[in-house]
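A.B. asks: Please find the sequence and the predicted model below.
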2 protein chains.
Amino acid sequence: MSERLFDRVALIGIGLIGSSLARALRRDSPGTTIVACARRAETLATARRLGIADATTEDAAVAAEGADLVVIATPLSAYAEIGQRIGPVLKNGAVLTDVGSVKQAVVRDLGPYVPDGVHFVPGHPVAGTEHSGPEAGFAELFRDRWCILTPLPETPSEAVAAVGRMWECCGMRVVTMSADHHDKVLAMTSHLPHLIAYTIVGTATNLEESLKSEVIEFSASGFRDFTRIAASDPVMWRDIFLNNREAVLEIVQRFTEDLTALQRAIRWGEGEKLQELFTRTRAIRRSIIEAKQA
Amino acid sequence: MSERLFDRVALIGIGLIGSSLARALRRDSPGTTIVACARRAETLATARRLGIADATTEDAAVAAEGADLVVIATPLSAYAEIGQRIGPVLKNGAVLTDVGSVKQAVVRDLGPYVPDGVHFVPGHPVAGTEHSGPEAGFAELFRDRWCILTPLPETPSEAVAAVGRMWECCGMRVVTMSADHHDKVLAMTSHLPHLIAYTIVGTATNLEESLKSEVIEFSASGFRDFTRIAASDPVMWRDIFLNNREAVLEIVQRFTEDLTALQRAIRWGEGEKLQELFTRTRAIRRSIIEAKQA
């Protein structure tokens, strides 16, 4: 960042995403004061040891008071309580944003606590790894990934632009869309794949003992990739599924119908149907590579 | 290879696996004569251009005649015809092996054509990428991966050992098990994950146009990994599903039951159930990393 976008940033939650943002801010905006908030003293001690915060606190209100930008980066289930806690202390003109993977629920949970004069910009930097916690973060996490902002009709465009510039400085491509559309797109690209990966790894753990140990031993491409996805943070993902319920259930239903059709094709030996689909899916991979997301 | 294990090797099929083996043989066993067979003249021209075969032919019988080792590395649906063609010309004492991802069907399709005095060692080097064809191969493909051999009760142990040594020279860890057990293990570790990946990418292609283009555009971790798996060779995978039908259908059924249970937990907001599973699956990832397959 050539300019200092925010004088004082409060990071509520300093896990993979929060600590990666802190590192990027440290690197690109050295004049910015970073206050980190976490519930556990141990997490805050780690943040101090890593040198990614100028001050730390277990109290979200203490972190948010006087901040120009407040970034909520906790699991979704903590949002309502945080909103209630920080709402009264947010300063006039402050920008409030978040990094949650679901956006309608965020508007629902935080919206009521946002005072007049505070600009609310729900956001989702679409980046991550299967690791979690402050030590798992790194400044390059966001490089070349998308950041989706879902501002409300009343959000001033300057606030949206300010949050967007911050993510652009982290190397992200920033786009805006409605919270509803975001939740549908992510249900397909991220939430369903994670649900499937969790399921398939769960199915493997339920196998007879002799088979199970060999499944781990001979873990081939395919299953190995799924186990990486299914190693993602349990609490974060519990909250995502509970908070994007409608869109996830709708897409699971479509998936199940499609799987049943394939199952039937295998049972009845319909090779042409299988080959036709497999040829079609190969083409999708090319589109993704062309969209530079591979 | 310090010793030359086979004087003359016939590779029936020179795609990703066949051409990778050819490269490894070239590197480690320069005294071995390699004869490559493929149905398409273009494929053979590529093999000659790449310098990975001493002779090429479109006729499997020509390739197999006089070979000390015959390796079948085509899609499974071609096996029976190849067996019929090469059976009569296989020399006494020759070893016949293959690289197919299903093993009971291979015994069923090739077994009847293996003459007395020829040693049949069904095999499966568990390695691959989403690319196919002779140009996609590379000698290091097999490094640190498992090779599963499923010899018949009557296969002489010397023949099993000779095939095993070849794969060990390619960097593989070699293990033997029954064809039936192999097919169950691989149904879980490889076939189901591929079926799921094909399904989920198929579900995405069926979305309304506006959603579909954004799914490709914002393809997040999760979906992106699935598209890579779903870009695997369509004919090869059609044949795998048709030839490991029983084991695949059994494991799809278990998967569907588990997915339905999760779907229900999401619908009724049973967060504890979700979190419990997600914590369990994270532990499996650690087992895989400890088994050095990640």
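C.D. replies: Okay, I see it. Numbers count the residues shown, from 1 in each chain, chains lettered A, B, ... in the order given.
A.B. asks: What residue spans form the domains of chain A?
C.D. replies: As given by automatic domain parsing, the domain ranges for chain A are A:8-177, A:182-290.
A.B. asks: Reformat these as TSV; add mean neighbour count, distance to chain B and mean pLDDT.
C.D. replies: Using the backbone N, CA and C atoms, a C-beta is placed for each residue, glycine as well. Listed next are those as TSV, based on neighbours: other CB atoms under 10 Å in any protein chain shown; distance: least, CB to the nearest CB, whole Å; pLDDT from 0 to 100:
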stretch	mean neighbour count	distance to chain B	mean pLDDT
domain A:8-177	20	5	96
domain A:182-290	20	3	91
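A.B. asks: for chain A, what spans make up the helices?
C.D. replies: A:16-28, A:41-50, A:60-64, A:79-86, A:104-110, A:157-169, A:179-186, A:192-205, A:209-217, A:223-229, A:234-243, A:245-267, A:271-290 (DSSP state H).
A.B. asks: Show the contacting residues for the nearest residue to A:Lys184 once chain neighbours are set aside.
C.D. replies: Of all residues not flanking A:Lys184 in the chain, A:Ala247 sits nearest, at 5.1 Å (CB to CB, 6 or more residues apart in numbering or on different chains). By CB atoms under 8 Å, 6 or more residues apart in numbering or on different chains, the contact list for A:Ala247 reads A:Asp183, A:Lys184, A:Leu186, A:Ala187, A:His191.
A.B. asks: Check A:Arg282 too.
C.D. replies: Contact partners of A:Arg282, counting by CB under 8 Å, 6+ apart, are B:Ala230, B:Ala231, B:Ser232, B:Pro234.
A.B. asks: now swap in A:Ala67 and tell me
C.D. replies: Contact partners of A:Ala67, counting by CB under 8 Å, 6+ apart, are A:Phe6, A:Arg8, A:Val9, A:Ala10, A:Val35, A:Leu90, A:Lys91, A:Ala94.
A.B. asks: was I right about the third one contacting A:Leu69?
C.D. replies: It refers to A:Val9. Yes. With contact defined as CB atoms under 8 Å, A:Val9 reaches A:Leu69; the gap is 4.7 Å.
A.B. asks: Verify the stated contact: A:Cys147 with A:Trp167.
C.D. replies: Yes. The criterion here is CB under 8 Å, and A:Cys147 meets it with A:Trp167 at 4.1 Å.
A.B. asks: Pull up the overlap in contacts between these two.
C.D. replies: Going by CB under 8 Å, 6+ apart, residues that sit against A:Cys147 and also against A:Trp167 are A:Gly123, A:Pro125, A:Val174.
A.B. asks: Which residue is the nearest non-sequential neighbour of the residue nearest to the spatial centre of chain A?
C.D. replies: The residue lying closest to the centre of chain A (CA atoms, centre = their mean) is A:Ser101, at 4.1 Å. Nearest non-adjacent residue to A:Ser101, counting by CB to CB, 6+ apart: A:Ile240, 5.0 Å away.
A.B. asks: ok, now which ones touch the one you found?
C.D. replies: Here A:Ile240 is in contact with A:Leu76, A:Ser101, A:Val102, A:His191, A:His194 (CB under 8 Å, 6+ apart).
A.B. asks: Could you check how far A:Ser29 is from A:Asp144?
C.D. replies: In this view, A:Ser29 and A:Asp144 are 20 Å apart by CB to CB, to the nearest Å.
A.B. asks: check contacts around the residue nearest to A:Ile82 when sequence neighbours are not counted.
C.D. replies: Leaving aside its chain neighbours, A:Ile82 sits nearest to A:Ala60 (5.0 Å; criterion: CB to CB, 6+ apart). A:Ala60 is in contact with A:Ile12, A:Cys37, A:Ile82, A:Arg85, A:Ile86, counting by CB under 8 Å, 6+ apart.
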